[in-house]
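# The sequence and its predicted three-dimensional model are supplied below.
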Amino acid sequence: MSRFTFPPPPPSPEADILRAEIRAFLANELNHRAPLDRAQSWNGLDPAFSRKLGQRGWLGLTWPKAYGGQERSGLERYVLLEELLAAGAPVGAHWIAERQSGPSLLRYGTEAQKSAILPRIAAGECFFCIGMSEPDSGSDLASVRTKAVRDGDGWRVNGTKLWTTNATHCHFMILFCRTGPPDREHRHAGTSQFIVDLSLPGITIRPVRNLLGEHHFNEVVFEDATLPEDALLGREGEGWAQVTGELAYERSGPERFLSSFWLLVELVRALQPAADARAEIALGRLGAQLITLRRMSRSVAGLLQAGADPALEAAMVKDLGALVEQEIPEIARDLLAEGPPTLQSRTFAQVLAYTALHAPSFSLRGGTREILRGIIARGLGLR
Amino acid sequence: MDSPSGFQADEAGAMLRETADRLLADRLTPQARAQAAEGEWPDDVWAALDEVGLPAAILPEEAGGFGVPVADALSLLTVAGRHALPLPLADTMLAGLLLARAGIQVPAGPLAVAQGSDVRLDRAGRATGQAWGVPWGRHARAVVVLADSPGGPVLIALPQAALTVEPGTDIAGDPSDAVRFEAVSAEGAPAPFGAADLRAAGAATRALMIAGALGAVGTMTVGYAGERRQFGRAIGQFQAVQQSLAVLAGQAASAAAAADLAAEAVAAWAASPGPGLLPAVAAAKIRTGEAAGQAVAIAHQVHGAIGFTEEHRLHHYTGRLRAWRDAFGRESEWAQVLGRHLIAAGPEGLWPAITAV
Ligand SMILES: Cc1cc2nc3c(=O)[nH]c(=O)nc-3n(C[C@H](O)[C@H](O)[C@H](O)COP(=O)(O)OP(=O)(O)OC[C@H]3O[C@@H](n4cnc5c(N)ncnc54)[C@H](O)[C@@H]3O)c2cc1C
């Protein structure tokens, strides 16, 4: 099993100092927020909060100063992320831009693209969405049919993206689509990525409500949308390599095991005066999982910081993380019996319902459980 | 686990592990294993370990060690796990660590720490009582127990000659004995720790061995899935088998990460005892125990009938995984310790309690 290594995370005294700073800031910022809001974790949208983080220099922490970053370490950024998530901060507005779009731009963008967009992301003023999935292309991402063809000095795009989280709140999408004919032998060839300004004509965004009735998902339809020449991100035809690099960022963070954390906080609140042995044991088991996952996740951050490519390790943390995130509501519902309604019991029930109903999505979004396990099996040399 | 790539070079630890790995690959022959399974003491294997000083590696220099950091010495136990070692290396190291911390001379030879004991001291300081779940108790030169006294806990090394041994075995068939003793004047000293810490240190040794054994079981099982052919292809080509192996790999990696936490916590505790030991070891013992349960089931499933035979080495591992997850506190015992700690931290303190581990 030595193909999967989770070396001890390197110590980072700067990160410890930063942690204290963040905790003080969040205690002040979030105290008045309702438990249900805090339970939304990285689904929670609050552009004003994102701007506040930007003003403190807490978005794009690791990026070059020239693009609005702070040139601080990946371990410091890790601490920032886990503190935000554990506190139930409303980070959804900027999350994708900061996590994956910005890093993709840094890696593949032109100087003009980088200097136009990155400082705005770092300021918390520019949000991105992910244009990968389509009605007929989910796990099999290489089968996308949305197509961009050269048209004069630019590109003409036709097709439909689906499940695009937060598209209506975003300025840009990173679009993954075909730019060359499908090739049965080389399924990944002929794809490219574009930075799409969502205000352009020919782009229609329609909300798709999720099973809680919330609007996060969207359908984004491109009908002869014309993109300027410089919308291309990276190289034409290199879309697959770029998009898989993006998925490594998408899968490696602490949001992959902390989605249900606020429910655990509320569970402890509800149990606290008189927890019985059954509750203690259940909490202890969940705690052991979280402590171990956090260790693994910090190890991945250390590997990233050291310049390694921990895509396999990240897939593993996400797979294990989703299990715990899904187990938390299952256990929470079973520990607290019904009683006469009180304000506190009502709050707990709301947070439980929110988390439990969202839980199925934890092993779908960002790569399904089966796909992640396939990636792990490939890492084991079985495929 | 074996090659922390990149940063944090721990050369001393890596060298020790390599030495132990080579030595065991060489000396732990099928005959030595068969001998151990028959209840005989595989003396030449122990002598070989002893000769290179592995059982003493955890001791401070003044107690006969050679200055290896405690975490590195503990990492030897992952190698013991990787070889499903039928010898009390863990127990000897554990006993040595505890005795050295209490300032008691560490006896030569194999040692044991009782998992449970009931010890009374009379006015002259003589010990009477019993201890149970003593790994390789019948072979131990001394059994370490903790006794209550009005002045606080006292650590005692009971010499072999003073013990009446009632032999037993654990689920893997390794010796797990009960011992009785009466009015024994043994070397004892006030212990700078209590029974909970002693149990945690023992649990940490098991977590490390589980992690090592899971690594080996994973490699073995993936290897077998690549060789065994059915329906015209290697069974590892079937997606159902791949998905199970991915789960096994995840459990093994998770156990290794958890065991590292335990080793670090014991090392920090050995330097200066503190409250950090229990939550870290609890998390590690729970996680490695759970991982062992899942991994054992998958490994046997993938191996089919051949893995269910005496001849196949799989059961050397799966048997000991079962024994080690039972020893020094099962999952729910430690879950209660950790759960109580987390609930007591309260809603505001929950996350800080997690990041403190
Ligand atoms: C909350 C949420 C937010 C999302 N946000 C975005 C977004 O912002 N942008 C975006 O582009 N997409 C987004 N997605 C879409 C997400 O990426 C897809 O749901 C995911 O890739 C799976 O695709 P699918 O839903 O079409 O399922 P399918 O691929 O149709 O899979 C259905 C089932 O079949 C299984 N399956 C499929 N192929 C295999 C195989 N080869 N072997 C074994 N099993 C297989 C799957 O594991 C799954 O269990 C989001 C999804 C969710 C739930």
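Arrived safely.

# which residue ranges form the strands in the chain?
Picked chain A for this. A:128-131, A:147-151, A:154-162, A:172-178, A:191-197, A:203-209, A:215-227, A:232-233 (DSSP state E).

# switch to chain B, that's the one I care about
B:111-113, B:116-121, B:127-135, B:142-147, B:154-159, B:164-166, B:176-184, B:187-190, B:229-230, B:233-234.

# closest to the ligand out of those?
strand B:233-234 (17.0 Å; Cβ to the nearest ligand atom). (Glycine included, C-beta is placed from N, CA and C.)

# Name the nearest residue to B:Ala268, sequence neighbours excluded.
B:Gly276 (6.2 Å; Cβ to Cβ, 6 or more residues apart in numbering or on different chains).

# Next: B:Pro42.
B:Ala32 (4.4 Å).

# and what of A:Gly88?
A:Arg38 (2.7 Å).

# residue at max distance from the center of chain A?
A:Pro340 (38.2 Å; Cα atoms, centre = their mean).

# Return the distance of it relative to the ligand.
35 Å (Cβ to the nearest ligand atom, to the nearest Å).

# swap in A:Ser41?
12 Å.

# With B:Gly67 instead?
Distance from B:Gly67 to the ligand, by Cβ to the nearest ligand atom: 52 Å.

# Can you give me the distance of that residue to chain A?
In this view, B:Gly67 and chain A are 21 Å apart by Cβ to the nearest Cβ, to the nearest Å.

# For that residue, which residues are in contact?
B:60-61 (Cβ atoms under 8 Å, 6 or more residues apart in numbering or on different chains).

# burial measure for B:Gly226, as a count.
15 (other Cβ atoms under 10 Å in any protein chain shown).

# That one contacts A:Gly381, correct?
Yes. Between B:Gly226 and A:Gly381 there is a contact at 7.1 Å, judged by Cβ atoms under 8 Å.

# Return the residues of the stretch 251-357 of chain B in contact with chain A.
Applying Cβ under 8 Å from any Cβ of the partner chain, we find that the stretch 251-357 of chain B lies next to chain A at B:252-254, B:256-258, B:260-261, B:264, B:279-280, B:282-284, B:286-287, B:290, B:331-332, B:334-340, B:342-343, B:345-347, B:350-351, B:354-355, B:357.

# Leaving out sequence neighbours, find the closest residue to the residue in the stretch 51-200 of chain B that chain A sits nearest to.
Nearest residue of the stretch 51-200 of chain B to chain A (Cβ to the nearest Cβ) works out as B:Ala71 at 9.2 Å. Distances taken as Cβ to Cβ, 6+ apart put B:Ala267 closest to B:Ala71, at 3.9 Å, once the chain neighbours are dropped.

# my guess is the one you found contacts B:Val70, does it?
Yes. Checked against Cβ under 8 Å, the pair B:Ala267 and B:Val70 is within contact range at 4.0 Å.

# what about these two, which has more around it?
A direct count of neighbours by other Cβ under 10 Å for B:Ala267 and B:Val70 places B:Val70 higher, at 22 against 18.

# how near is the more buried one to A:Glu223?
Distance, B:Val70 to A:Glu223, by Cβ to Cβ, to the nearest Å: 67 Å.

# ok, now B:Gln105?
According to Cβ to Cβ, B:Gln105 and A:Glu223 sit 85 Å apart.

# And for A:Pro64?
38 Å.

# just A:Pro201 next, same as before
9 Å.

# of the two, who's got more company?
With neighbours defined as other Cβ under 10 Å, A:Pro201 and A:Glu223 compare such that A:Glu223 has more, 13 against 9.

# pretty sure that one is touching A:Thr160, no?
No. The criterion here is Cβ under 8 Å, and A:Glu223 misses it with A:Thr160 at 9.4 Å.

# Contact residues of the stretch 51-200 of chain A facing chain B?
Proximity of the stretch 51-200 of chain A to chain B, by Cβ under 8 Å from any Cβ, involves residues A:82, A:86-87.

# rerun at 6 Å
The stretch 51-200 of chain A has residues A:Ala86 near chain B, with proximity defined as Cβ under 6 Å from any Cβ of the partner chain.

# Quick check, B:Ala172 in contact with B:Leu321.
No. The pair B:Ala172 / B:Leu321 is not scored as a contact, 8.4 Å apart, by Cβ atoms under 6 Å.

# And the closest residue to the ligand within chain A, how close does it get to B:Gln35?
In chain A, the residue that lies nearest the ligand is A:Gly138 (1.8 Å; Cβ to the nearest ligand atom). According to Cβ to Cβ, A:Gly138 and B:Gln35 sit 57 Å apart.

# who's in contact with the residue of the stretch 251-357 of chain B found nearest the ligand?
The stretch 251-357 of chain B approaches the ligand most closely through B:Ile298 (17.9 Å), counting by Cβ to the nearest ligand atom. Taking Cβ atoms under 6 Å, 6 or more residues apart in numbering or on different chains, we find B:Ile298 in contact with B:244, B:248.

# ok now do the residue lying closest to B:Gly212 once chain neighbours are set aside, which residues does it touch?
Closest residue in space to B:Gly212, ignoring its immediate chain neighbours: B:Gly81 at 2.6 Å, by Cβ to Cβ, 6+ apart. The contact partners of B:Gly81, by Cβ under 6 Å, 6+ apart, come to B:209, B:212-213.

# out of the residues you listed, who's nearest A:Phe4?
B:Gly212 (14.6 Å; Cβ to Cβ).

# Pull the number of nearby residues for the nearest residue to A:Ser73 once chain neighbours are set aside.
Nearest residue to A:Ser73, sequence neighbours excluded (Cβ to Cβ, 6+ apart): A:Gln305, at 5.9 Å. A count of neighbours around A:Gln305, defined by other Cβ under 10 Å, yields 20.

# And A:Gln305, how close does it get to A:Gly69?
In terms of Cβ to Cβ, A:Gln305 sits 15 Å off from A:Gly69.

# Show me what A:Ile205 is bridged to.
A:Val220 (DSSP bridges).

# can I assume it is in contact with A:Val221?
No. The pair A:Ile205 and A:Val221 fails to qualify as a contact (Cβ under 6 Å) at a distance of 7.9 Å.

# and the least confident helix or strand in chain A by mean pLDDT, C-alpha only, in PDB?
In chain A, no helix or strand scores lower on mean pLDDT, DSSP states H and E than helix A:239-251, which sits at a mean of 88. Taking Å, rounded to 0.1, in the frame of the first residue of the first chain, the C-alpha atoms of helix A:239-251 are listed here in PDB:
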ATOM      1  CA  GLY A 239      -8.400  20.900 -22.200                       C
ATOM      2  CA  TRP A 240      -8.300  17.400 -20.700                       C
ATOM      3  CA  ALA A 241      -4.900  17.800 -19.100                       C
ATOM      4  CA  GLN A 242      -5.900  21.200 -17.700                       C
ATOM      5  CA  VAL A 243      -9.300  20.100 -16.400                       C
ATOM      6  CA  THR A 244      -7.800  17.100 -14.500                       C
ATOM      7  CA  GLY A 245      -5.300  19.400 -13.000                       C
ATOM      8  CA  GLU A 246      -8.200  21.600 -11.900                       C
ATOM      9  CA  LEU A 247     -10.000  18.500 -10.400                       C
ATOM     10  CA  ALA A 248      -6.900  17.900  -8.100                       C
ATOM     11  CA  TYR A 249      -7.500  21.300  -6.500                       C
ATOM     12  CA  GLU A 250     -11.200  20.600  -6.400                       C
ATOM     13  CA  ARG A 251     -10.800  17.400  -4.500                       C
END
